[in-house]
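Engineer: Sequence first, then the predicted structure:
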Amino acid sequence: MATIYDVAALAGVSPATVSRVFNGIAVSAVRSERVRAAAERLSFTPNRTARTLRKQSSEVIALIIPDIENPFFTALARGVEDVAQASGYSVVLCNTDEDAEKEARYLDVVVSENMAGIILAATSDHVDLTDLTRRGRPVVAVDRSLPDVDTVTVDNVAGGRDATQSLVAQGFRRIACITGPCGGPTAEARADGWREAVIDSSSDRYLRHADFRVEGGHAAMVNLLNLPEPPDAVFVANNLMAVGALRALIERGLTAPVIGIASFGDLPFATLSPRGVTVIPLPARRLGEAAARLLIERLRGDDQPRRTIMLENHS
């Protein structure tokens, strides 16, 4: 079995240079290519276990998301993996189902397995990250902001405002809002954008909180349609809830332009025609890429103050 010394001899470099190449530390392009060519020729595989013990962390990062079935998070995960793989890191994907206890168990696994860092779309803004930060493990919040850690997100207020303004421009006046769980930063920010754009000052009678899932959007839309004076349009704060809201409208025989609907995020299912639906696209893959780049910068020693990166709302 080839060793690091065999690779160094064949590449004409020092063993330290070989180590730097496989630890992701910058060396000249020429030397890096020689080392990688020699390693391939010798079928050399770095001893990752030994490197983990030396570095007190692995070359694995955790991506914890709330709903792997949502195409938004699937695209986000692809962005994370692309950047991580190019930087020499592997990604472990964890799905919480919006369950805080399940999320906490995954965070414990990150600590016990000495993972290098974590990218987290949190279930709430009350996540306990004490063990991770005490051990120096960098955390990047993605899509949903968290206090005291780096964050990559979109302008949720602007997205809610833009979607609602598009409905106002179409002539709708009783515009409802179906947003995520009450108190969640993302859900509240998107609702704030809706409030900025609606014309009716008593519009909160048309505000409904749901669970960011299809069933939640359906139930909220049914509730709104049962009001004595139902809305004539609705802004839905994520794509899956928009699917549920559309189902409720179709069940009542209500489709655009009879009633307006705007979605924050692309509709995920081709079986539902998006004709007449206003969509504010979310840059899911770019969110994942930006979060991974920020995490890797921290892993490589970036110690500047906490950063927040806000992307524009387009694909």
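Structural biologist: Structure's in. What do you need? Numbering: from 1, shown residues only.
Engineer: only C-alpha atoms for contact and neighbour calcs from this point on.
Structural biologist: OK.
Engineer: Residues in contact with the helix or strand harbouring Val279: which ones?
Structural biologist: Per DSSP states H and E, Val279 falls inside strand 277-280. Residues outside strand 277-280 that contact it (CA atoms under 8 Å, 6 or more residues apart in numbering): 159, 162-163, 166-167, 256, 260-267, 313-314.
Engineer: Among these, which ones are in strands?
Structural biologist: 260-264 (DSSP state E).
Engineer: Which of the residues you listed sits closest to Ala39?
Structural biologist: Phe264 (47.5 Å; CA to CA).
Engineer: Could you give the number of residues near that closest one?
Structural biologist: Neighbour count of Phe264, defined by other CA atoms under 10 Å: 26.
Engineer: go on, Thr151?
Structural biologist: Neighbour tally, Thr151, other CA under 10 Å: 27.
Engineer: And Pro305, by the same measure?
Structural biologist: So Pro305, with other CA under 10 Å, has 9 neighbours.
Engineer: and it, how far is that from Ala248?
Structural biologist: 46 Å (CA to CA, to the nearest Å).
Engineer: what's the answer for Val258, then?
Structural biologist: Counting by CA to CA, the gap from Val258 to Ala248 is 14 Å.
Engineer: between those two, which one's more packed in?
Structural biologist: Comparing Val258 with Ala248 by other CA under 10 Å, the one with more neighbours is Ala248, at 21 against 12.
Engineer: surely the more buried one meets Ala220?
Structural biologist: No - using CA atoms under 8 Å, Ala248 is not in contact with Ala220, being 9.1 Å away.
Engineer: Strands of the stretch 201-315 of the chain, residue ranges please.
Structural biologist: 207-209, 233-236, 260-264, 277-280, 308-311 (DSSP state E, counting those that start in this stretch).
Engineer: which outside residues touch the longest one?
Structural biologist: Among residues not part of strand 260-264, those counted as contacts by CA under 8 Å, 6+ apart are 159-160, 163-164, 166-167, 172, 232-239, 242, 276-282.
Engineer: Quick one: buried ones out of those?
Structural biologist: Buried members of those, scored by 16 or more other CA atoms under 10 Å, are 159-160, 163-164, 166-167, 172, 232-239, 242, 277-282.
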